[in-house]
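[1] Would you be able to build a 3D model of this:
(4 chains)
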Protein chains: 2
Amino acid sequence: MVSKKQTTIQDIAKALNITASTVSRAMNDHPKISQATKNMVIEKAREMQYQPNAMASNLRKGKANTVGMIVPRINRHFFSNIINGVESILNPAGYNLIICQSEERVSKEIENVKTLISNRVSGILMSLSIETQDVKHLQKVMNHRIPLVLFDRVSNKLPISCVENDDELGAYDMTIHLIDQGYTNFMWMGGPRNVFIYKNRYCGYKKALESRKLKPAQMQIFEGHPTLQVALDFMRNYLEHNKAPDVVFATSDYMAMGAIQACQEKGLKIPDDIAVAGYANEPFSELISPKLTTVEQYSEEIGKAAARLLLEEMLSENDEVIPRKTILRPRLIVRESTVKSKQE
Amino acid sequence: MVSKKQTTIQDIAKALNITASTVSRAMNDHPKISQATKNMVIEKAREMQYQPNAMASNLRKGKANTVGMIVPRINRHFFSNIINGVESILNPAGYNLIICQSEERVSKEIENVKTLISNRVSGILMSLSIETQDVKHLQKVMNHRIPLVLFDRVSNKLPISCVENDDELGAYDMTIHLIDQGYTNFMWMGGPRNVFIYKNRYCGYKKALESRKLKPAQMQIFEGHPTLQVALDFMRNYLEHNKAPDVVFATSDYMAMGAIQACQEKGLKIPDDIAVAGYANEPFSELISPKLTTVEQYSEEIGKAAARLLLEEMLSENDEVIPRKTILRPRLIVRESTVKSKQE
DNA sequence: AAACACAATGCAAACGTTTGCATTTATTTT
DNA sequence: AAAATAAATGCAAACGTTTGCATTGTGTTT
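    Numbering: from 1, shown residues only, chains lettered A, B, ... in the order given. Model (predicted):
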């Protein structure tokens, strides 16, 4: 059994009849400490079950080798894959990650920011909550000179480096694919268009239609919380009172799934009676039947890109950093739900 | 623009012509500080963009109000839901969470443990990596008197509180359901049975069969890495050379999905020609067609239970805590994949 | 009016490191 | 052999809080 208190470098110093400075330097492999002393110290440290006190060390050094990351939710594949990407860059570089969830609430997001500033993290990576409009809390991070990089849900109200998907292009590519398949009567479904990503996806969709001389104005548009249930409810009701469109382009796989279920309930065959496309390439999208045409966003790459930008800012000597943008091109994945069987 | 250095309580004290102690007490709402002073301090703090230095505070107090959590991977619904459960208990109690991934490697797990000890977390929650056999690193945590609770992937080599699923019971219930549906010719699929959870699920399956006088010995058993692809490959090959069983009980939804795909390729109707059951209630399991019968594990509850146990240990005055176990009962979810249509 | 209680604040040490500078000891140069 | 250099370690302050105890000032009791 160990004693009540934790071992400190002082204890080790006392035991070896040297000073704490020497112990500290020995543990940190300082060049001016003799190998003999280093060995002695390291052995003693092990013997006494010494674990450095990161709080004391960080305090003295004025910073922790820790990066804070704020995401709306971790139980979304998109975000947890991004986290993996981030770790794959930051861990080898010697940083630990503190992950916070905003739960899509701006109040929690502000809370998280405060915690991270208080912990004097070396940098912050974040994706804004769906509620976030005002960015005072981001300004605060910048005032504290903490490097900050936004990803996916970004803001352009402040000069901050960020990593984005080219959502407009993703939606554009998808729409062109759908038009090429011969569909003309569209329905668009998406999350609220005050959120950048949905706005951009809508723009891409609109541009594609216009480029082929179709009139987006007359197309159906449904905007709502991007979940299965919301889309299902809407679509059930819609099909009750209206003629089905040729194709539903849902800018969320969950909404696409809702639409599919509503259609199947009505006895509509997909894709022969109605086609459905999604967005995000959620894991289930290739497990369902018909397999869902969607857009892959390379989430892990987003994390890597964001981590690289942050790393550069953290290591930069320069006080004033020029914000940079990384824009990733998504990839269209064509599956069964939008390609009519040959015999038709 | 702010000055290069961060504001400290000293700066606030100087600005108000009082001492740092008073500022500290005012910020922490100490009863002996007058309301007037508190207001003054708080106002000044806001004005000067003060953010408390958690490192200094933690160092002085000897502990951080932080809990460390180690999971094999965060991009599994099972684990990310557990994390949500943990946060729902720990955040209101005033704790922050540091989440670490072991990536199923014992070496990373040991690394993580060291980091958490160094950061003097108030407690650790962990689920062991699939590799972990030796538990010296857990002993180390205990030596440092850091409260520790294991969940899901536990070890009984040390006296540690833990939260487990009753996997045996879950599999038992499922098997009984399948027998009741009239299936007799079984195939069992699962992960490696040296892993506790798969072993237990197998035991439950076996016990159920025996209780109904069926001979498990003659049933088909496939043991492999619990992924869709592995199960798909196996099943394709199996159906090529053998008569299909009545029912496949896969103790992983992904394996079940692989089996389903192989069957559908062969033109077998589910559940009429062959039934398939899974385990874990992955999100996709109710999105596919037919909807998959499976077992819900209440992952969020696991997190809550673990957090509650930890909280008690952290708050306990008592130095020696008696380890406690919470065992959660999973719930059978009967869906389409195992229930024959009425007209048959 | 002296003695007391009480509220509010100040003083100073402590938490465990790190690090610039000073000191000691050993080695090399003149 | 004295002086200069190099190598290894020690000294002490600092990081920004918190907190037990001491001090001050104000109002209350005898």
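
[2] What average pLDDT does the helix or strand where residue A:232 lies get?
    Element membership for residue A:232 (DSSP states H and E) is helix A:228-241. Averaged over helix A:228-241, pLDDT sits at 96.

[3] Once you drop chain neighbours, what's closest to residue A:330?
    Among residues not flanking residue A:330 along the chain, residue A:170 sits closest, at 3.8 Å (C-beta to C-beta, 6 or more residues apart in numbering or on different chains). Quick note: C-beta positions are derived from backbone N, CA and C, even for glycine.

[4] Up against DNA strand C, what does the stretch 201-344 of chain A have?
    Residues of the stretch 201-344 of chain A lying near DNA strand C by C-beta under 7 Å from any atom of the strand: none.

[5] now the strands for the stretch 201-344 of chain A?
    Using DSSP state E, counting those that start in this stretch, the strands of the stretch 201-344 of chain A run over A:220-223, A:247-250, A:275-277, A:294-296, A:325-328, A:331-333.

[6] Save the ones you listed as a markdown table, and put in mean pLDDT and mean neighbour count too.
    Compiled in a markdown table, the strands of the stretch 201-344 of chain A are given as follows (pLDDT from 0 to 100; neighbours: other C-beta atoms under 10 Å in any protein chain shown):
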| stretch | mean pLDDT | mean neighbour count |
| --- | --- | --- |
| strand A:220-223 | 94 | 15 |
| strand A:247-250 | 97 | 29 |
| strand A:275-277 | 97 | 28 |
| strand A:294-296 | 98 | 23 |
| strand A:325-328 | 96 | 16 |
| strand A:331-333 | 98 | 16 |
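
[7] contacting residues for the closest residue in space to residue A:126 that isn't next to it in sequence?
    Of all residues not flanking residue A:126 in the chain, residue A:70 sits nearest, at 4.0 Å (C-beta to C-beta, 6+ apart). Residue A:70 is in contact with A:100, A:101, A:102, A:109, A:112, A:113, A:116, A:124, A:125, A:126, A:127, counting by C-beta atoms under 8 Å, 6 or more residues apart in numbering or on different chains.

[8] run the last query once more with 6 Å
    Residue A:70 makes contact with A:100, A:102, A:112, A:126, according to C-beta atoms under 6 Å, 6 or more residues apart in numbering or on different chains.

[9] can you confirm it is in a strand?
    Yes. If the criterion is DSSP: H, G, I helix; E, B strand; the rest coil, then residue A:70 is within a strand.

[10] quick one: it and DNA strand C, what's the gap?
    Distance of residue A:70 to DNA strand C, computed by C-beta to the nearest atom of the strand, to the nearest Å: 28 Å.

[11] Across the sheet, point out what pairs with that residue.
    Judged by DSSP bridges, the bridge partners of residue A:70 are residue A:100, residue A:126.

[12] Look up how far residue A:86 lies from it.
    Using C-beta to C-beta, to the nearest Å, residue A:70 is found at 12 Å from residue A:86.

[13] swap in residue A:5?
    Per C-beta to C-beta, residue A:5 is found 36 Å from residue A:86.

[14] Kindly report the same for residue A:169.
    Look at residue A:169 and residue A:86: by C-beta to C-beta, they are 24 Å apart.

[15] Who has more neighbours out of the two?
    residue A:86 (28 against 21; other C-beta atoms under 10 Å in any protein chain shown).

[16] tell me the contacts of that one?
    A:303, A:307.

[17] Just say helix, strand or coil for it.
    At residue A:86 the chain is in helix, as set by three-state DSSP.

[18] Quick one, grab the pLDDT at it.
    At residue A:86, the pLDDT recorded in the model is 97.

[19] Please spell out which residues along whatever helix or strand residue A:141 lives in are buried.
    Assigned by DSSP H and E, residue A:141 belongs to helix A:136-143. Going by neighbour count (16 or more other C-beta atoms under 10 Å in any protein chain shown), the buried part of helix A:136-143 is A:137, A:138, A:140, A:141, A:142.

[20] what sits against the second one?
    By that I understand residue A:138. Counting by C-beta under 6 Å, 6+ apart, residue A:138 makes contact with residue A:158.

[21] For residue B:113, see how far away it is.
    Taking C-beta to C-beta, one finds residue A:138 at 34 Å from residue B:113.

[22] Assign the residue nearest the centre of chain A to helix, strand or coil.
    By C-alpha atoms, centre = their mean, the mean C-alpha position of chain A lies nearest to residue A:79, the distance being 4.2 Å. Applying three-state DSSP to residue A:79 yields a three-state assignment of helix.

[23] Chain B contacts on the stretch 1-150 of chain A?
    Taking C-beta under 6 Å from any C-beta of the partner chain as the criterion, the stretch 1-150 of chain A approaches chain B at residues A:2, A:51-52, A:54-56, A:58-59, A:74-75, A:80-81, A:96, A:98-99, A:115, A:117-120, A:143.

[24] switch to 8 Å and redo it
    A:1-2, A:4, A:6, A:49, A:51-56, A:58-59, A:64, A:74-75, A:77, A:80-81, A:83-84, A:87, A:96-101, A:114-115, A:117-120, A:140, A:143-145 (C-beta under 8 Å from any C-beta of the partner chain).

[25] so of those, which ones are in helices?
    Using DSSP state H, the subset of the residues of the stretch 1-150 of chain A next to chain B located in helices is A:54-56, A:58-59, A:77, A:80-81, A:83-84, A:87, A:114-115, A:117-118, A:140, A:143.

[26] ok so, going back, which one, of the strands of the stretch 201-344 of chain A, ends up nearest to residue A:341?
    Closest to residue A:341 of the strands of the stretch 201-344 of chain A, according to C-beta to C-beta: strand A:275-277, at 11.7 Å.

[27] circling back: assumed the residue nearest to residue A:330 was part of a helix.
    Yes. Residue A:170: assigned to a helix according to three-state DSSP.

[28] before we move on, back to that, next, the contact list for the residue nearest to the centre of chain A, please.
    A:71, A:72, A:73, A:127, A:299.

[29] ok, now residue A:184?
    By C-beta under 8 Å, 6+ apart, the contact list for residue A:184 reads A:214, A:246.

[30] mind checking the SS state of it?
    Judged by three-state DSSP, the three-state class of residue A:184 is coil.

[31] Could you report the separation of it from residue A:275?
    As judged by C-beta to C-beta, residue A:184 and residue A:275 stand 11 Å apart.

[32] do residue A:179 as well
    On the measure of C-beta to C-beta, residue A:179 and residue A:275 end up 11 Å apart.

[33] Likewise for residue A:154?
    Going from residue A:154 to residue A:275 by C-beta to C-beta gives 31 Å.

[34] Same question for residue A:241.
    Applying C-beta to C-beta, the value for residue A:241 to residue A:275 is 21 Å.

[35] With residue A:201 instead?
    Counting by C-beta to C-beta, the gap from residue A:201 to residue A:275 is 17 Å.
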